[in-house]
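1. Return a 3D structure for these sequence lines:
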Amino acid sequence: MKNNANNTLSNLKNLVSAVDLIGKYVKLTQRGNKNLGLCPFHKEKTPSFTVNDEFYYCFGCHATGDIIKFTQEYHGISFVEAVQKISTDYGIKAYITKNRKLKLETITDFEIGFSIPLKNQLYKYLMDLKYTKQEILQSGIIREHGTSHYDFFEGRVIVPIKDSQGRTIGFGGRIIGKSDAAKYINSAESDFFKKRETLFNFAKAKQAKIKNKNEPIVMTEGYMDVITMSQF
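-> Okay, the predicted model is just below:
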């Protein structure tokens, strides 16, 4: 899981330019292949803060790092919160719209999300919501490994799978970037999620058919195909 986490964070950094992110908070002037501005981490009158596509460095106070480090230091937040903020602002929207050409309205309509690969965080969050350990493990979205609890879908684009009434009964996850892991995975079978008995997007298709009885129903192989075609 460590390699998968590292790959995902690397992909996040590849999607977001340090110049673009830092430029939202610091006025930068291009000088050759670098950008120069006043350091946000100490007071100065002469710009000594340099930024390229991947890193920043200040010749005055020696602050340095990547987009995650900058987000942490600038906003005074934790590593986890920094990754979440960047993913929200850039990550998922940038990846999906670039590779699948999905509209942001489509991403919202299908409730598409992203599972950040950070050990124990989702487990702790669910425990804080007063779910028991047994309930969390039975849900299948958390797996136990020794004393650690990791998100089964970590590092993946997440798509909710719903029943005929539109209730979420499971999830599908697509890996981001190159990986030896399976490209797609689904929630484990349960009392309420049986893959062979579930047709993705059936509830919405049923409602659409009621409104437009003469329109045909089109079936596709995968849920990303359904989502993409819904835009046409």
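
2. can we go C-alpha only for contacts and neighbour counts from here?
-> Noted.

3. end-to-end on stretch 51-66?
-> End-to-end distance of stretch 51-66 (CA to CA, to the nearest Å): 9 Å.

4. Measure how far it is from the centre of its chain, please.
-> 26 Å (CA atoms, centre = their mean, to the nearest Å).

5. residues of it that come out buried?
-> Under the neighbour-count criterion of 16 or more other CA atoms under 10 Å, stretch 51-66 has Val51, Asn52, Asp53, Phe55, Tyr56, Tyr57, Cys58, Gly60, Ala63, Gly65, Asp66 buried.

6. now the strands for the chain?
-> Taking DSSP state E to define them, one finds strands in the chain at 29-31, 34-37, 49-51, 56-58, 64-65, 113-114, 142-145, 148-151, 156-162, 168-175, 184-186.

7. For those strands, give me CSV that also has mean pLDDT and distance to Lys211.
-> Shown next, in CSV, are the strands of the chain (pLDDT from 0 to 100; distance: least, CA to CA, whole Å):
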stretch, mean pLDDT, distance to Lys211
strand 29-31, 89, 55
strand 34-37, 92, 55
strand 49-51, 96, 54
strand 56-58, 95, 55
strand 64-65, 94, 54
strand 113-114, 81, 29
strand 142-145, 88, 39
strand 148-151, 86, 39
strand 156-162, 91, 20
strand 168-175, 90, 23
strand 184-186, 91, 31
